[in-house]
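**Student:** predicted model and sequence below, questions to follow.
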Amino acid sequence: MGEVMLRKVSEDDLKQIFEWRNEREVRENSFASHKISWEEHQTYWKKRLAQHDFYSFIIVVEKENVGLLRLNPVDANQKYEVHILISSTYRRRGLGQATVFAAIQFAKQTGIKKLIAKVKSKNIPSKKIFEKNGFVPRCSVYEYNV
C-alpha cells in the first residue's frame with residue numbers, strides 16, 4: 001500500500017464512517033461496542049464537526065478511503081486521545097501503524113503536547129501499533145509526548 005494521507009472529514013463521509021463504525025470487529029474493539037443508529041451517528045457527527053478543537057480525518061491511501069482518525073482533547077494542556085478505525089478491507093497491511101505515525105506528525109505541527117490511546121487488553125494488534133510508534137503503556141493507556 002502507498003503512503004497514508006489525512007484529509008478532514010466532511011458531511012459527505014458520514015455514511016461511510018457509519019458503515020465502518022458498525023462493523024463487528026470495530027465494535028468488539030471499541031469501548032462503545034453497541035451498534036449505533038443512523039440518528040445517533042448523525043447527532044454525534046453534527047456536534048463533533050462544530051467543535052474546532054476536535055480533529056477528524058479520513059485516512060486515504062492511493063485515493064481510497066481506508067479508515068478514520070480522530071483526535072479528542074483530554075484536557076487544557078494540549079493532551080489528545082487518539083482513535084483509529086481501519087476498514088475491514090484494509091486491515092493487517094500496516095495502515096494502523098502508518099496512521100499513528102501521521103497523527104504524531106500532525107500533533108507536532110499543531111502544538112499538541114501529548115497523545116494517549118486507550119486500548120482494550122485483548123486488542124493485541126492495536127497495542128503493537130502504538131508501541132511500535134513509541135507510545136509507552138501506562139496500565140491500559142498509551143501515551144506519546146510530542
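**Tutor:** Yes, it's here. Numbering: from 1, shown residues only.

**Student:** give me the sheet partners of the helix or strand hosting Leu85 and which way each runs.
**Tutor:** Assigned by DSSP states H and E, Leu85 falls within strand 79-86. Note on strand 79-86: by DSSP bridges, its sheet partners are strand 64-75 (antiparallel), strand 114-118 (parallel).

**Student:** not counting its own residues, what contacts that strand?
**Tutor:** For strand 79-86, the surrounding residues in contact (CB atoms under 8 Å, 6 or more residues apart in numbering) are 17, 20-21, 26, 55, 59, 66-74, 95-96, 99-100, 103, 107, 112-118, 126, 129-130. Where you see a C-beta, it was placed from the backbone N, CA and C, and this is true even at glycine.

**Student:** drop anything exposed from these.
**Tutor:** Neighbour counting over the contacts of strand 79-86 (16 or more other CB atoms under 10 Å) leaves 17, 20-21, 26, 55, 59, 66-72, 95-96, 99-100, 103, 107, 112, 114-117, 126, 129-130 as the buried ones.

**Student:** run through the bridge partners of Ser56.
**Tutor:** Arg70.
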